[in-house]
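S.K.: Here is my input, please return the structure:
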Amino acid sequence: MSPAAIPESSLPSVAQVTKTQDVDAMAAMAHRGKALPGIPQFDSHAEKRQWQLEHMAGAFRVFAREGYAEGISGHISVRDPEFEDRFWINPLAVHFGLLKASDMICVNLDGDVVGGNKNGSINAAGFQIHSSVHRARKDVHAICHTHSVHGRAWSTFAKPLDMINQDVCYFYKAHSVYSDYRGIANAPSEGQRIAQSLGDGKAVILMNHGLLTVGQTVDEAAFLFCLMERSCKIQLLVDRTELEKHIVSDEEAAYNFKMASTPECLYTEFQPHYQYEESLCNGNFKA
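M.R.: A predicted model of the protein is given here:
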């Protein structure tokens, strides 16, 4: 029998493969090629801090090109590598496409400015949200939140995303919906409720508000944000039709999540976007 004639039923299923093999997700990305390097390691807190700020600024450039800027709304934060109770966040009223590493402001969880650009201000609602999530999730080192168009549109339904394609499975059983919207998050209680709704997940859809994603690196959180925004757009497009939807099965969705939604893989997924922005502006956002 020729290879083309092998019946599909005789091939091993996804479930059979994953139950019998412990596959390294990063190694599986490259077919018979050199494995991609993954998240770099640093010899000092200062080196890692600068790297984080550069990638934070690069993520803002990506967000600007994707059209996520909306007035003074939207923020990315990164936990300081040396001081667990401090994080870096963007200054208020500076366009995403203009931000540089040196523009970022370091605050502690009590809201005191302790480093970085001390001439800038930060978004009050942004502080409440980010400080609450950083306080609640010690494993989270980066948080992204903007008022992106399709995220806001999908958020009005207060529903999680359906597993309708391979990529959205990166959020399989790892995203939630915050459906207790109480206006602009100027009060600590709103940030605390958002953090509680996020739980131990990777993302939360904020009803009547937008999207929030988290990660161990700003690259992971930023890639997840871009992916969730596009997933909301796809969901809205699909739901406009009356055609039957085919939902990815739980087994296949779990396999996709296992193989592609690790911190290392998601960091790697963001690198082409970062490198493109770096090339376009000769890396001037690193200053």
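S.K.: Every contact and neighbour count from this point should use C-alpha atoms.
M.R.: Noted.
S.K.: Where does Ala57 fall, secondary structure wise?
M.R.: Using DSSP states H and E, Ala57 maps to helix 45-66.
S.K.: Now do that helix: which elements does it pack against?
M.R.: Packed against helix 45-66, as judged by 3 or more CA pairs under 8 Å, 6 or more residues apart in numbering; DSSP states H and E, are the following elements: strand 75-79, helix 218-239, helix 263-280.
S.K.: any idea of the angle the first one forms with helix 218-239?
M.R.: Think strand 75-79. With axes from the mean of the first three to the mean of the last three CA atoms, to 10 degrees applied, the angle from strand 75-79 to helix 218-239 works out at 140 degrees.
S.K.: Send me strand 75-79 as CSV with only the CA atoms.
M.R.: This file holds the C-alpha atoms of strand 75-79, laid out as CSV (Å, rounded to 0.1, in the frame of the first residue of the first chain):
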residue,chain,number,x,y,z
HIS,A,75,-0.5,50.4,30.1
ILE,A,76,2.2,47.8,30.3
SER,A,77,4.0,47.0,33.5
VAL,A,78,7.1,44.9,34.3
ARG,A,79,8.1,43.8,37.8
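S.K.: could you say what helices and strands it packs with?
M.R.: So strand 75-79, by 3+ CA pairs under 8 Å, 6+ apart, packs with helix 45-66, strand 86-89, helix 124-136, strand 142-146, helix 218-239.
S.K.: average model confidence for it?
M.R.: Strand 75-79 carries an average pLDDT of 98.
S.K.: How about the second one?
M.R.: Mean pLDDT, helix 218-239: 98.
S.K.: Could you check the angle the helix or strand just after that helix makes with helix 263-280?
M.R.: Under the assignment DSSP H and E, the closest C-terminal helix or strand after helix 218-239 is helix 250-260. For helix 250-260 against helix 263-280, the angle by the same axes, to 10 degrees is 60 degrees.
S.K.: what about the closest residue to Ile72 other than its chain neighbours, which SS state?
M.R.: Distance criterion CA to CA, 6 or more residues apart in numbering; nearest residue to Ile72, sequence neighbours excluded, is Ala93 at 4.8 Å. For Ala93, the assignment made with DSSP: H, G, I helix; E, B strand; the rest coil gives coil.
S.K.: what about Ala93, neighbour count?
M.R.: Neighbour count for Ala93, taken as other CA atoms under 10 Å: 14.
S.K.: Please apply the same query to Val23.
M.R.: 12.
S.K.: Check what pLDDT it gets.
M.R.: Looking at Val23, the pLDDT reads 74.
S.K.: and if you look at the one 4 residues further on?
M.R.: With respect to pLDDT, Ala27 has a value of 80.
S.K.: do the same with Val14
M.R.: Val14 is assigned a predicted lDDT (pLDDT) of 45.
S.K.: follow-up on the earlier one: taking helix 218-239 as reference, get the angle to the helix holding Ala57.
M.R.: 20 degrees.
S.K.: What are the buried residues along helix 45-66?
M.R.: Of the residues in helix 45-66, 48-49, 51-64 count as buried by neighbour count, 16 or more other CA atoms under 10 Å.
S.K.: cool, and stretch 116-133?
M.R.: So stretch 116-133, judged by 16+ other CA under 10 Å, has buried residues 116-117, 122-123, 125-133.
S.K.: low-scoring stretches of the chain, by residue?
M.R.: 1-21, 32-33 (pLDDT under 70).
S.K.: contacting residues around Phe127?
M.R.: Residues counted as contacts of Phe127 (CA atoms under 8 Å, 6 or more residues apart in numbering) are Gly111.
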